[in-house]
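*Asks:* sequence first, predicted coordinates after that:
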Amino acid sequence: MVEFETALLAIAAAFVLFAVVALYRVYAGPTNHDRVIAVNVAGTNTVIAITLVAAAYQESTFLDVALVYALLNFLLSIAFSKFNVERGGVL
Amino acid sequence: MSDTDAHRILVPVGDSDTLRDTVSYAVERASAAAPNRPVEFHFVVAAETQSVDPDAPEELGSAREQLERVALWVEEDADSADGATDAADGPPDRFTVVTDVVGTDRYLFSPGDYADALLEYAAETGIDRIVVDPEYNPAGTASMLRSMSVELARGDVPVETAPDDRPAQGAVLARAASLSKYLSVFVVSYLFYMSLSAWKPLDFLTGFVTASIVSVVLAPVVANRSAPLGLTLRRLARLAVYAPYLVKEIAVANLQVAYVVLHPDMPIDPEVVQFRAAVWGDGAVTTLANSITLTPGTLTVNVSERSFDIHSLTADSREDLFDGGLERAVRFVFYGRASARIPTPRERDDAGEGRDG
Amino acid sequence: MTPAEWGIVALALAGAFFGGVAAVGLVRLPDVYTRSHAASKSDTLGAILTVAAAALALQSGLSTAKSVFLLLFMFITNPTAAHAVARAAQDQGIEPWTADEGDD
């Protein structure tokens, strides 16, 4: 039978795979907005993968990393949009 | 200027810490500028965005209350100013107080809009002088825009700003926060910090330092206008009712997107549509916009005031949007059960086809 | 594995399904707006399901609290980020793709 930890790690691996798939969109574009959305998705998937690894190893410090990563991920989109809108503010 | 009748002073009234001082100043100025003439005080509330909501008359109610309070203050000050000289005359008759609410018939957005409404009133009633509260800021978020007194100076009535007697504040960009706001930001961030920490002695110290920095830096920019506590609690309770509905909608949304995305032919028919939502205020609009983004095939692209640009993935999702289920739910959260029953956007004729239709 | 653990794995698998939908949608959908749909909806639900599974799997109360924070945070920020990017795209005049326009 499958170990619980192994199952969680396998799902984490799946999310890493999805992040790699999303990277195709970063490569292909065509606009910068597509790229930012794709990086955002890849970042969200990374956060999820970190959380799953934290759950598999019962390692709560990983969650701090995930939280900060999620924050930076959000800031990326906001900063990008902010500096792409002419009127000078999205939010 | 006008020697025939009363000296008229306009004081725009809004929710601010310095309103009391402004009223005193206006009374003082009136006594000095027109010692022997009757004085009319015009206290005017410019209706804020929420007040235009026909379903939230309590907002106007609070404006009326504020005006009554101001009228009492004038009496108090008149007593202390005049009563000192002509002893027991009672409140001097030469002070009349006129109160009014302007701007209920339109949507006031920028300080310029407020100034227009007030100047119009001033022109109609022949105002001789405008006294502005230093903290008067009806547009709420406008600390970066031109100040109210600058906007009002466009008219041909002399405008002066009442002096600010409070201790000088450093922050220019954001409005100074009240002590209670600093405290609440501090407490919330401390609690948040502690909830993520390991409860070692050092954590209490670092948490204290961090929360202090956060409250000093961020208190002036959080929640510029906060709702009363009771209303906030009621909204939170209704939000708890709303959450399961939203979760259901999100689940449906995702199955739909999953179907569309995984279908070999990708049956999508995207289109940008616009509609005017019947919600007011930052909180309600944000909630609605985010809910729309999370639910079936719709994505909020742009919001300006009440007009939403929605990108929809399929024709079905547009129909759902115009049926107004989410809008009703958000109105329920923010304005209560009674306001939830309104016509759908389609019936109101607020639903517009997109430019690319 | 215990039944509880099976439940957690099932929850995480459901999350992974939606994560996969987001990734596939990102690649297949035709323009930036439709891709935002995939990024905001599917990815958010995938994140919520999976992080909820992790919260259940974590045994210390502190870790569970942290993952609940993470969950709430992603619930709010993901749609906001998608909206911000979509608005920036609209502001720059990127025209939405329509069904009758391209069959490529």
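*Replies:* Yes, it's here.
*Asks:* got the residue ranges for the helices in chain A?
*Replies:* Remark: helices assigned in chain A by DSSP state H are A:4-28, A:32-57, A:61-84.
*Asks:* which stretches of the chain aren't confidently modelled?
*Replies:* Picking chain A for this. Along chain A, the parts satisfying pLDDT under 70 run over A:1-2, A:84-91.
*Asks:* I was thinking of chain C, sorry if that wasn't clear
*Replies:* Checking chain C against pLDDT under 70 turns up C:93, C:99-104.
*Asks:* let me know the pLDDT of residue B:95.
*Replies:* On pLDDT, residue B:95 comes in at 77.
*Asks:* list the residues that contact it.
*Replies:* Going by Cβ atoms under 8 Å, 6 or more residues apart in numbering or on different chains, residue B:95 touches B:27, B:30, B:38-39, B:41, B:74-75, B:78. Every residue, glycine included, has its C-beta placed from N, CA and C.
*Asks:* could you list the buried residues of the top helix by length along chain B?
*Replies:* When chain B is parsed with DSSP H, its longest helix is helix B:229-262. The neighbour-count check on helix B:229-262 (16 or more other Cβ atoms under 10 Å in any protein chain shown) flags B:235, B:238, B:242, B:246, B:249-250, B:253-254, B:256-258, B:260-261 as buried.
*Asks:* packing partners of it?
*Replies:* Of the remaining helices and strands, those touching helix B:229-262 by 3 or more Cβ pairs under 8 Å, 6 or more residues apart in numbering or on different chains; DSSP states H and E are helix B:282-294, helix B:325-335, helix C:3-28, helix C:43-57.
*Asks:* just send those helices back as a markdown table, with mean neighbour count and distance to chain A too.
*Replies:* Listed next are the helices and strands packed on helix B:229-262 as a markdown table, based on neighbours: other Cβ atoms under 10 Å in any protein chain shown; distance: least, Cβ to the nearest Cβ, whole Å:
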| stretch | mean neighbour count | distance to chain A |
| --- | --- | --- |
| helix B:282-294 | 21 | 10 |
| helix B:325-335 | 23 | 19 |
| helix C:3-28 | 21 | 4 |
| helix C:43-57 | 26 | 4 |
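*Asks:* residue B:192 is nearest to which of those?
*Replies:* With Cβ to Cβ, the closest approach to residue B:192 among the helices and strands packed on helix B:229-262 belongs to helix C:43-57: 17.3 Å.
*Asks:* right, and the helix or strand after the closest one?
*Replies:* helix C:61-91 (DSSP states H and E).
*Asks:* mind listing what's buried in that following helix?
*Replies:* C:63-67, C:69-71, C:73-75, C:77-91.
*Asks:* circling back to that earlier point, of the helices and strands packed on helix B:229-262, which is nearest residue A:10?
*Replies:* Here helix C:3-28 is closest among the helices and strands packed on helix B:229-262 (Cβ to Cβ), at 9.2 Å.
*Asks:* tell me the gap between that closest one and the middle of its chain.
*Replies:* 10 Å (Cα atoms, centre = their mean, to the nearest Å).
*Asks:* contacting residues around the nearest residue to residue B:24 once chain neighbours are set aside?
*Replies:* Of all residues not flanking residue B:24 in the chain, residue B:77 sits nearest, at 5.1 Å (Cβ to Cβ, 6 or more residues apart in numbering or on different chains). Listed by Cβ under 8 Å, 6+ apart, the contact partners of residue B:77 are B:23-24, B:27-28.
*Asks:* apply 7 Å and report the result again.
*Replies:* B:23-24, B:27 (Cβ atoms under 7 Å, 6 or more residues apart in numbering or on different chains).
*Asks:* so it is in which element?
*Replies:* Per DSSP H and E: helix B:57-82 holds residue B:77.
*Asks:* show me which residues of the helix or strand following that helix are buried.
*Replies:* As assigned by DSSP H and E, the chain's next helix or strand after helix B:57-82 is strand B:95-102. Within strand B:95-102, the residues scored as buried using 16+ other Cβ under 10 Å are B:95, B:97, B:99-102.
*Asks:* picking that back up, what's the angle between the longest helix of chain B and helix C:3-28?
*Replies:* Angle between the axes of helix B:229-262 and helix C:3-28 is 70 degrees (criterion: axes from the mean of the first three to the mean of the last three Cα atoms, to 10 degrees).
*Asks:* next helix or strand past helix B:229-262?
*Replies:* Going down the chain from helix B:229-262, the next helix or strand is strand B:271-276, by DSSP H and E.
*Asks:* now that next one: buried residues?
*Replies:* Buried, per 16+ other Cβ under 10 Å, within strand B:271-276: B:271-275.
*Asks:* okay, now the sheet partners of it, with direction.
*Replies:* Counting by DSSP bridges, the strands paired with strand B:271-276 are strand B:307-312 (antiparallel), strand B:351-352 (antiparallel).
*Asks:* average pLDDT for it?
*Replies:* On average, strand B:271-276 scores 74.
*Asks:* now stretch B:10-22
*Replies:* Averaging pLDDT along stretch B:10-22 yields 77.
*Asks:* buried residues, that stretch. List them.
*Replies:* B:10-16, B:18-19, B:21-22.
*Asks:* pLDDT of the longest helix of chain B, averaged?
*Replies:* Average pLDDT, helix B:229-262: 78.
*Asks:* isn't residue A:21 right next to residue C:25, touching?
*Replies:* No. The pair residue A:21 and residue C:25 fails to qualify as a contact (Cβ atoms under 7 Å) at a distance of 10.3 Å.
*Asks:* need the residues of chain C near chain B, please.
*Replies:* C:18, C:21, C:24-25, C:28-29, C:33-34, C:36-38, C:40-42, C:44-45, C:65-66, C:79-80, C:82-83, C:86-87, C:90, C:95-99 (Cβ under 7 Å from any Cβ of the partner chain).
*Asks:* what ranges do the helices span in the stretch 101-250 of chain B?
*Replies:* Using DSSP state H, counting those that start in this stretch, the helices of the stretch 101-250 of chain B run over residues B:111-125, B:148-152, B:179-195, B:201-218, B:229-262.
*Asks:* keep only those of the contacts of residue B:77 that are in helices.
*Replies:* Reading helices off the contacts of residue B:77 with DSSP H, I get B:23-24, B:27.
*Asks:* quick revisit: wait, which of the buried residues of strand B:271-276 is closest to chain C?
*Replies:* Compare each of those with chain C using Cβ to the nearest Cβ and the shortest gap goes to residue B:272, at 5.4 Å.
*Asks:* stretch A:15-30 and chain C, any residue contact?
*Replies:* Yes. Stretch A:15-30 is in contact with chain C by Cβ under 7 Å from any Cβ, via A:15, A:18, A:21-22, A:24-25.
*Asks:* buried among these? Need that as a selection in ChimeraX.
*Replies:* The buried subset of these, as determined by 16+ other Cβ under 10 Å, is captured in ChimeraX by this line:
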select /A:15,18,21,22,25
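*Asks:* let me have the residues of stretch A:15-30 next to chain C in JSON lines, extended by distance to chain B.
*Replies:* Formatted as JSON lines, the residues of stretch A:15-30 next to chain C follow (distance: Cβ to the nearest Cβ, whole Å):
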{"residue": "A:15", "distance to chain B": "16"}
{"residue": "A:18", "distance to chain B": "13"}
{"residue": "A:21", "distance to chain B": "13"}
{"residue": "A:22", "distance to chain B": "13"}
{"residue": "A:24", "distance to chain B": "15"}
{"residue": "A:25", "distance to chain B": "14"}
